[in-house]
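In: Sharing a model that was predicted from the sequence below.
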Amino acid sequence: MINTCTVVLKYIRYTLCFCLLMNVVHAQVKEQGIIPQPYSIQKNGEVFRFSPAVAINIRDGISTDNLIFFNQYFHQLAGYNLSVKKTIAPSIQLSINSNKITEPEGYQLSIASKQINIIGHDQAGVFYGLQSLVQLLHKSNGKITVQGCTIEDHPRFAYRGMHLDVSRHFFKVNAIKKWIDLLALYKINTFHWHLTDDQGWRIEIKKYPLLQSISAYRDETIIGHKKDSPHRFDGKRYGGYYTQEEVKAVVKYAMERHISIIPEIEMPGHALAALAAYPELGCTGGPYKTATYWGIFDDVYCAGNEQTFTFLKNVLDEVLPLFPSKYIHIGGDECPKTKWKTCPKCQRRIKDEHLKDEHELQSYFIGRMEKYLNSKGRQIIGWDEILEGGLAPGATVMSWTGEEGGIAAAKLHHNAIMTPEKYVYLDYYQSLYPSEPLAGGGYTPLSKVYNYEPITKELSGDEAKYIKGVQANAWSEYLASMAQAEHQIFPRILALAEIGWTDKENKSYPNFLKRLRYEQPLLKQLNINLADTFDEITDSVMESADRQIQLALSSTLPGSQIYYTTDGTTPGLKSKKYDKPFLISTSGKIKAAVFSGTKQYGRVYEKDFHLHKAIGKTVTLTNQPQGGYNPGNTFGMVNGVFGSKLYNDGQWYGFNGDDLEAVVDLGKAQPVSQLGINILKYHWQKMWEPTLLTFEISTDGKNYTEVYRQTTFNDNGINAVRANIKTTQARYIRVKGTNKGIIPPGEYIAGAKAWLMVDEIVVK
Ligand code: TNX
């Protein structure tokens with residue numbers, strides 16, 4: 001009896017101790033995680049402990065600039081500084097050895113109990129070794145430690161870029177500096193500073209004072225989304241610009257952190273702010289006003305007027321001395337040719353220069369500016385539209401409308417940087433949750449950014465080397481403050497950093513998420529407004545074997561459980577636990593939430609289902625949907641889920657220039673009293689309503705009777721057409737929509753093919 005008791009007691013004590021020990025160990029051992037994932041990491045089980053006695057030992061030739069960020073951060077974390085001196089005591093040794101570390105920007109970081117050793121291929125390598133060390137620092141009980149390991153590391157791409165648009169919204173110098181620190185932490189080495197656009201000119205040019213007093217300001221700013229109509233405005237003057245002194249300080253700050261800044265001075269389009277001050281540079285002579293809303297504007301620099309070139313050269317003469325970068329970005333995107341077509345000067349130029357059309361005039365414009373910049377020892381970068389009408393000889397193409405521009409450039413043996421909007425535009429939505437803050441374009445979740453691969457199969461090995469790297473862009477139409485910008489950019493910028501740095505073979509999304517979770521305390525410490533919703537529920541609406549709707553839910557949060565309700569109530573731990581895709585057999589709202597233990601993570605997921613007679617029925621299309629608006633099957637047209645205002649939510653079917661002709665076969669004749677379809681009208685996105693929509697019904701699939709027609713669709717956004725008809729027997733429903741065809745003159749992107757966007761054919 002006594003014996004048993006002692007054993008039990010001993011066991012309890014032992015388990016208690018073990019648990020306590022486990023807790024302590026758990027608190028001290030921070031899993032190691034570095035973003036971007038290094039080339040290789042070998043753990044060695046040792047621990048380096050920091051104390052004020054630890055010194056940083058720099059070998060000859062290492063710039064102390066490399067220590068700025070490390071020291072700042074270390075001080076913030078530890079509350080004391082590390083001294084910089086020659087020492088044999090526990091220390092951080094920094095050196096450069098390009099024979100040992102052969103890859104540019106590469107480094108070796110070895111951490112043992114008494115010493116941390118960083119050997120860089122170059123200064124940048126040493127710096128990146130320190131940046132990795134920052135991410136490994138762990139604080140517990142006031143003590144800072146780092147786990148022993150050896151890291152060999154170097155980047156995959158030489159160009160790892162991040163862009164920021166400071167025209168649509170202006171960010172002060174301090175915000176830009178914080179931005180630069182963060183780029184550097186994640187080993188991004190290029191900052192593309194978008195300084196001029198229709199809504200504001202943001203760099204001081206002394207020769208043209210009106211750029212400061214007029215172009216840097218707009219009268220007011222649109223409220224809400226540019227797709228909303230009518231447009232509403234805030235009535236408040238908005239603006240600002242960087243003085244040349246401020247620009248110099250930012251460039252120096254970036255250089256100390258191994259970041260090259262590429263300034264962008266937009267031409268020939270996106271020039272309205274400049275024209276507002278100097279109307280003689282436009283085709284019509286104005287008057288013009290700095291734009292107050294977002295979009296593409298027809299008024300651009302006149303390509304026939306010599307003054308335009310003089311102006312731009314003078315501007316560049318002041319810009320170049322501020323930026324040592326080899327590259328200067330000249331824009332070149334979204335330049336409507338509308339005004340050039342009717343401008344006598346532009347037409348005269350086309351004739352004199354024996355140009356074929358306005359596209360060649362654009363190419364002439366860019367070519368002339370390139371020559372000028374080359375004469376000053378610089379190279380140009382332009383958006384992929386600079387391919388139109390022929391590429392200027394030494395130009396680097398920034399491929400944004402898709403990957404095609406980059407591929408075309410590489411095939412022409414021009415350098416290219418991949419920044420396709422579909423994958424790496426961080427101003428787009430990161431989640432489909434309705435409570436997501438207002439954002440620019442479509443849906444680009446973290447996983448989509450992460451899985452982007454810049455070297456496409458179209459490129460042979462030799463051509464692939466012209467792809468110099470990747471960049472993510474942050475257009476700031478909907479980023480009115482740095483806090484908003486950070487929420488939009490973090491964590492997706494970390495995914496971009498990993499595309500740029502980490503070898504393809506070393507990438508893994510689940511592993512990235514794991515490291516991202518470790519990274520959160522560091523980002524909090526740095527006061528970053530991170531969107532921490534990346535483990536929220538995502539869904540997939542599937543077709544079951546018997547053609548019913550099934551809903552699959554998932555979350556990437558480890559060890560989590562999903563609970564859901566079908567009656568509209570808020571899900572909790574007592575709700576139904578999700579274990580596998582389930583059938584949706586009635587209309588209504590599904591709500592779900594992720595729990596880790598008893599703690600809810602993120603927001604509540606919601607989805608509405610609308611059931612009707614055509615659910616899961618066969619749909620036959622005469623023309624196929626295209627590009628990103630081809631979900632790959634027709635089930636989505638009859639799956640009970642309506643496409644949302646987010647046009648790339650996977651629900652919409654888009655017909656580019658083609659008409660819609662769909663036949664739904666209900667399987668057998670039955671009474672039908674309502675026919676419907678949803679149509680997405682966003683002229684800003686080239687999405688046009690049909691000029692004619694008809695519904696026809698048939699019992700034999702041969703002879704159809706028209707039961708409804710509609711020619712106007714007034715709602716901007718989703719037009720839900722619901723036609724109530726006299727109850728009739730029908731087996732086949734034919735829906736026809738006539739595409740607008742070519743976008744008419746005077747409209748956004750006139751001359752392009754219109755998209756006819758439809759979802760869900762509703763039959764009741
Ligand atoms: C397209 S990307 C633009 C920008 C907008 C952006 C919004 C590019 C070269 N032009 O002017 O801000 O879309 O996402």
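Out: Cool, the structure landed. Numbering: from 1, shown residues only.
In: For the protein, list the residues in contact with the ligand, please.
Out: 333, 334, 383, 400, 425, 427, 440, 441, 475, 477 (C-beta under 6 Å from any ligand atom). Where C-beta positions appear, they are placed from N, C-alpha and C, glycine not excepted.
In: go again using 5 Å as the cut-off
Out: 333, 383, 400, 440, 475 (C-beta under 5 Å from any ligand atom).
In: now, the most widely separated pair of those?
Out: Using C-beta to C-beta, the pair of those lying farthest apart is 383 and 440, separated by 16.1 Å.
In: would JSON lines of the residues of the chain next to the ligand with secondary structure, distance to residue 643 and pLDDT be doable?
Out: Below are the residues of the chain next to the ligand laid out as JSON lines (DSSP: H, G, I helix; E, B strand; the rest coil; distance: C-beta to C-beta, whole Å; pLDDT from 0 to 100):
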{"residue": "333", "secondary structure": "coil", "distance to residue 643": "28", "pLDDT": "93"}
{"residue": "383", "secondary structure": "strand", "distance to residue 643": "29", "pLDDT": "95"}
{"residue": "400", "secondary structure": "coil", "distance to residue 643": "25", "pLDDT": "94"}
{"residue": "440", "secondary structure": "coil", "distance to residue 643": "18", "pLDDT": "88"}
{"residue": "475", "secondary structure": "coil", "distance to residue 643": "24", "pLDDT": "97"}
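In: now the residues you listed as CSV including distance to residue 40 and neighbour count?
Out: Below are the residues of the chain next to the ligand laid out as CSV (distance: C-beta to C-beta, whole Å; neighbours: other C-beta atoms under 10 Å):
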residue, distance to residue 40, neighbour count
333, 40, 16
383, 37, 24
400, 33, 24
440, 38, 23
475, 36, 24
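In: So what's the residue count around the nearest residue to residue 614 once chain neighbours are set aside?
Out: Nearest residue to residue 614, sequence neighbours excluded (C-beta to C-beta, 6 or more residues apart in numbering): residue 763, at 4.0 Å. A count of neighbours around residue 763, defined by other C-beta atoms under 10 Å, yields 21.
In: Residue 763 contacts residue 613, doesn't it?
Out: Yes - assessed by C-beta atoms under 8 Å, residue 763 is found in contact with residue 613 at 4.4 Å.
In: which neighbours do those two share?
Out: Common neighbours of residue 763 and residue 613, counting by C-beta atoms under 8 Å, 6 or more residues apart in numbering, are 666, 672.
In: Please determine how far the residue lying closest to residue 556 once chain neighbours are set aside is located from the ligand.
Out: Leaving aside its chain neighbours, residue 556 sits nearest to residue 535 (5.0 Å; criterion: C-beta to C-beta, 6+ apart). Remark: distance between residue 535 and the ligand (C-beta to the nearest ligand atom, to the nearest Å) = 26 Å.
In: cool, residue 302 as well?
Out: 20 Å.
In: residue contacts, that residue?
Out: Contacts of residue 302 (C-beta under 8 Å, 6+ apart): 281, 282, 283, 308, 339, 340, 343, 345, 346.
In: again, only this time at 6 Å
Out: 282, 283, 308, 345 (C-beta atoms under 6 Å, 6 or more residues apart in numbering).
In: Same check on residue 683?
Out: So, once contact is read as C-beta under 6 Å, 6+ apart, residue 683 ends up touching residue 748.
In: same question, residue 621
Out: Shown in contact with residue 621 (C-beta under 6 Å, 6+ apart): residue 662.
In: partners of it in the sheet?
Out: Following DSSP bridges, residue 621 is listed with bridge partners residue 662.
In: roughly how far apart are it and the ligand?
Out: For residue 621 relative to the ligand (C-beta to the nearest ligand atom), the value is 30 Å.
In: pLDDT at that residue, what is it?
Out: For residue 621, the model assigns a pLDDT of 98.
In: Pretty sure residue 260 sits against residue 323.
Out: No - with contact defined as C-beta atoms under 6 Å, residue 260 does not reach residue 323; the gap is 8.6 Å.
In: got a list of what the residue of the stretch 201-350 of the chain found nearest the ligand touches?
Out: The ligand sits closest to residue 333 of the stretch 201-350 of the chain, with a gap of 3.5 Å, by C-beta to the nearest ligand atom. For residue 333, the contact set (C-beta under 6 Å, 6+ apart) comprises 383, 385.
In: at 10 Å instead, please
Out: Going by C-beta atoms under 10 Å, 6 or more residues apart in numbering, residue 333 touches 266, 269, 270, 296, 382, 383, 384, 385, 386, 398, 400, 401.
In: Using CSV, lay out those together with secondary structure.
Out: Shown next, in CSV, are the contacts of residue 333 (DSSP: H, G, I helix; E, B strand; the rest coil):
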residue, secondary structure
266, strand
269, coil
270, coil
296, coil
382, strand
383, strand
384, helix
385, helix
386, helix
398, strand
400, coil
401, coil
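In: confidence score at the nearest residue to residue 239 once chain neighbours are set aside?
Out: Nearest non-adjacent residue to residue 239, counting by C-beta to C-beta, 6+ apart: residue 217, 3.4 Å away. Note on residue 217: pLDDT of 98.
In: now residue 217: how far from residue 236?
Out: 11 Å (C-beta to C-beta, to the nearest Å).
In: ok, those two, which is more surrounded?
Out: residue 217 (19 against 9).
In: Would you map the helices across the stretch 301-450 of the chain?
Out: Taking DSSP state H, counting those that start in this stretch as the test, the helices found in the stretch 301-450 of the chain are 306-319, 338-342, 344-352, 358-375, 404-411, 421-424, 446-450.
In: same check, this time on the stretch 501-650 of the chain
Out: 509-525.
In: Give the next helix or strand downstream of the helix or strand containing residue 109.
Out: Taking DSSP states H and E as the definition, residue 109 sits inside strand 107-111. Going down the chain from strand 107-111, the next helix or strand is strand 115-120, by DSSP H and E.
In: about what we covered before: pull the contacting residues for the residue nearest to residue 614.
Out: 612-615, 617, 638, 664, 666, 670, 672-676, 695, 697, 730, 733.
In: Pick out the residue of the stretch 401-550 of the chain closest to the ligand.
Out: Counting by C-beta to the nearest ligand atom, the stretch 401-550 of the chain gets nearest the ligand through residue 475, at 3.3 Å.
In: thought that residue was touching residue 424?
Out: No - in terms of C-beta atoms under 10 Å, residue 475 does not count as a neighbour of residue 424; the distance is 11.7 Å.
In: Give me the common contacts of those two.
Out: Joint contacts of residue 475 and residue 424 (C-beta under 10 Å, 6+ apart) are residue 163.
In: Residue 610 and residue 674 touch, don't they?
Out: No - in this structure, residue 610 is not within contact of residue 674 by C-beta under 10 Å, at 11.9 Å.
In: can you count the residues close to the residue lying closest to residue 690 once chain neighbours are set aside?
Out: Leaving aside its sequence neighbours, residue 690 sits nearest to residue 737 (C-beta to C-beta, 6+ apart; 3.7 Å). Residue 737 has 24 neighbours, counted by other C-beta under 10 Å.
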